[in-house]
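In: only the shape, not the letters, is given here:
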């Protein structure tokens, strides 16, 4: 796939993609870059960040890595502001970063700490980044924000209280931002993906049979691909094609959400 395939859609645009040193975030960064966007790559690992930037440069894109911990407000603000200053503008913010706590039962004492880190990295991180992006969006005459929810949160999957709470709070944030900032030509949407990533692989504990069992339950009989599936949908939302779509939650999961709560809970037994 060459740069020319999507080159015209995001020419001249600048995108900050949090948590883009691996997995879904990396795939999204690649897809937006192929569409012509200049990319601010973010993560905590300088080595991983360097490799992603190199892969973006290799396809002819402009890219910059800025390390930041999304649980720290000042680091999140600096990430957005420094990236925008470097490229001279900001048009797109993808709030992908999220710390995923260990799975525990609701009555576990670990939930206090789990909620703290899940909410700070997901809900607060998305809020802080969006607030920092707002002046730049207004200066550009508009902007696009894509936040991340989760099918697990929608159906209340077992043992994921902290993660589920953070993800549903993000959907509430998404609707509020869309309502308040629409007058500034800013669209805000949430995607609820099902795609393969290092954290997803770790969830299966290296057991390929578990991963295959869950994939077979998907109506499309496979896991989503970071760039080709998740990244392509995000591209649609942040391009001119998504200019009148806002305040929405979009499942990008091959139909996994059609399984409903009982099926998801039966899937959960695979991991016990």
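Out: Looks like it arrived, so ask away. Predicted model, so just to flag it, every value in this text is computed and none were measured.
In: now do the strands in the protein.
Out: Counting by DSSP state E, the chain has these strands, from start to end: 14-17, 38-43, 63-67, 92-95, 143-148, 186-193, 249-252.
In: could you dump these to a markdown table with mean neighbour count and mean pLDDT?
Out: Where you see a C-beta, it was placed from the backbone N, CA and C, and this is true even at glycine. What follows is the strands of the chain, written out as a markdown table (neighbours: other C-beta atoms under 10 Å; pLDDT from 0 to 100):
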| stretch | mean neighbour count | mean pLDDT |
| --- | --- | --- |
| strand 14-17 | 29 | 99 |
| strand 38-43 | 28 | 99 |
| strand 63-67 | 19 | 99 |
| strand 92-95 | 30 | 99 |
| strand 143-148 | 26 | 99 |
| strand 186-193 | 24 | 98 |
| strand 249-252 | 18 | 97 |
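In: as a markdown table, those with distance to residue 30 would be great.
Out: Conversion of the strands of the chain to a markdown table gives the following (distance: least, C-beta to C-beta, whole Å):
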| stretch | distance to residue 30 |
| --- | --- |
| strand 14-17 | 10 |
| strand 38-43 | 9 |
| strand 63-67 | 10 |
| strand 92-95 | 12 |
| strand 143-148 | 15 |
| strand 186-193 | 15 |
| strand 249-252 | 16 |
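In: nearest to residue 121, out of the ones you listed?
Out: For residue 121, the closest of these is strand 92-95, at 10.2 Å, according to C-beta to C-beta.
In: which other helices and strands contact that closest one?
Out: strand 14-17, helix 23-34, helix 125-140, strand 143-148, helix 232-238 (3 or more C-beta pairs under 8 Å, 6 or more residues apart in numbering; DSSP states H and E).
In: repeat that for 7 Å
Out: strand 14-17, helix 125-140, strand 143-148 (3 or more C-beta pairs under 7 Å, 6 or more residues apart in numbering; DSSP states H and E).
In: with distance to residue 70 as extra columns, can I get these in TSV?
Out: As requested, those are exported to TSV (distance: least, C-beta to C-beta, whole Å):
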stretch	distance to residue 70
strand 14-17	11
helix 125-140	4
strand 143-148	12
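In: look up the closest residue to residue 125, ignoring the ones flanking it.
Out: residue 70 (3.5 Å; C-beta to C-beta, 6 or more residues apart in numbering).
In: what's the burial count for residue 258?
Out: By other C-beta atoms under 10 Å, the residues close to residue 258 number 11.
In: repeat for residue 214
Out: Neighbours around residue 214, by other C-beta under 10 Å: 18.
In: what residues are up against residue 56?
Out: With contacts taken as C-beta atoms under 7 Å, 6 or more residues apart in numbering, residue 56 has the following neighbours: 29, 30, 33, 39, 63.
In: the last one contacts residue 54, correct?
Out: Think residue 63. No - look at residue 63 against residue 54 with C-beta atoms under 7 Å: they stay out of range, at 8.7 Å.
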